[in-house]
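Participant: turn this into a structure:
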Amino acid sequence: MGDTARKPNHRSRRGRLLTPANLLFFRNFLKHPSRIGWLLPSSPRLVNEVLRQVDWDRARLIVEYGPGTGQFTEPVLERMRPDAHLIALEINADFVAYLNGAIKDPRLHLVRESAAQIDAVLARLGFAQADYVISGIPFATLPHQLRDTIVRKTHSVLRPTGRFLVYQLSDSVLPYLEAVFGQVSRGVEILHILPARLYYCSP
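Facilitator: Reported below is the predicted structural model:
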């Protein structure tokens, strides 16, 4: 009986991986690998590490680039103030449809737009500046001009006390961040599926 209790529950582990959200994510990775960047969503450990950087009492407006199936979106909403807002920019129609059905929270503004349009999106929704921008979009697969545009526009919409929180599987975005932001701190989450590089940027 003791030996049975010590055996790993492979069926349970597979069940956690083969969720509808993960399967949707994997199917979209097969269709658009350069847009998705990796075949599985971010791990809870990575999510918690990045969100440790947020001052939840202060944050009134948070922006998320590329929410996918909501691995960051739902924990952000759980931690946010009741009067705060989350703007999520997603270009994938399947992910937009999934999130619209899965998350019913009036504080979430889900917009089917590129991160390169963040300034126009904020203006259209009636917001001036963001406290935090969180991004896991795969900068490594983006053309040079688009990387530069996203980083510069993100800098332009942040409050002076705001922060740009970036998680990546490569360091290709680092030169762009260092060219625009006054301070860029680095970290790594080695227990992610693949080691994730973390960049915490202040204006």
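Participant: and stretch 106-118, end to end?
Facilitator: With Cα to Cα, to the nearest Å as the measure, the ends of stretch 106-118 fall 20 Å from one another.
Participant: likewise for stretch 75-92?
Facilitator: 21 Å.
Participant: with stretch 180-197 instead?
Facilitator: Taking Cα to Cα, the first and last residues of stretch 180-197 lie 18 Å apart.
Participant: over to stretch 48-59?
Facilitator: The first and last residues of stretch 48-59 sit 17 Å apart, counting by Cα to Cα.
Participant: then stretch 164-179?
Facilitator: 14 Å.
Participant: which residues are contacting that stretch?
Facilitator: By Cβ atoms under 8 Å, 6 or more residues apart in numbering, the list of residues contacting stretch 164-179 from outside reads 37-38, 42, 46, 50, 53-54, 132-136, 138-140, 147-148, 151, 154-155, 158, 181, 184, 186, 189, 194-202. Every residue, glycine included, has its C-beta placed from N, CA and C.
Participant: ok, Leu122 to Glu113 distance?
Facilitator: Taking Cβ to Cβ, to the nearest Å as the measure, Leu122 falls 11 Å from Glu113.
Participant: try Ser135
Facilitator: Note on Ser135: its distance to Glu113, by Cβ to Cβ, is 14 Å.
Participant: neighbour-wise, which of the two wins?
Facilitator: Applying other Cβ atoms under 10 Å to Ser135 and Glu113 shows that Ser135 carries more neighbours, namely 24 against 15.
Participant: give me the neighbour count for the closest residue to that one other than its chain neighbours.
Facilitator: The shortest distance from Ser135 to any non-neighbouring residue, by Cβ to Cβ, 6 or more residues apart in numbering, is to Tyr65 (4.0 Å). A count of nearby residues for Tyr65, using other Cβ under 10 Å, gives 23.
Participant: which residues does Tyr65 bridge with?
Facilitator: Leu89, Ser135 (DSSP bridges).
Participant: report the buried residues of stretch 88-99.
Facilitator: 88-92, 94-96, 98-99 (16 or more other Cβ atoms under 10 Å).
Participant: could you tell me the end-to-end distance of it?
Facilitator: For stretch 88-99, the first and last residues are 10 Å from each other (Cα to Cα).
Participant: what average pLDDT does the one helix or strand Val133 maps to get?
Facilitator: Per DSSP states H and E: Val133 is located in strand 130-135. For strand 130-135, mean pLDDT is 98.
Participant: which element follows that strand toward the C-terminus?
Facilitator: Strand 130-135 is succeeded, C-terminally, by helix 144-157 (DSSP H and E).
Participant: having no further points to raise, I will conclude here.
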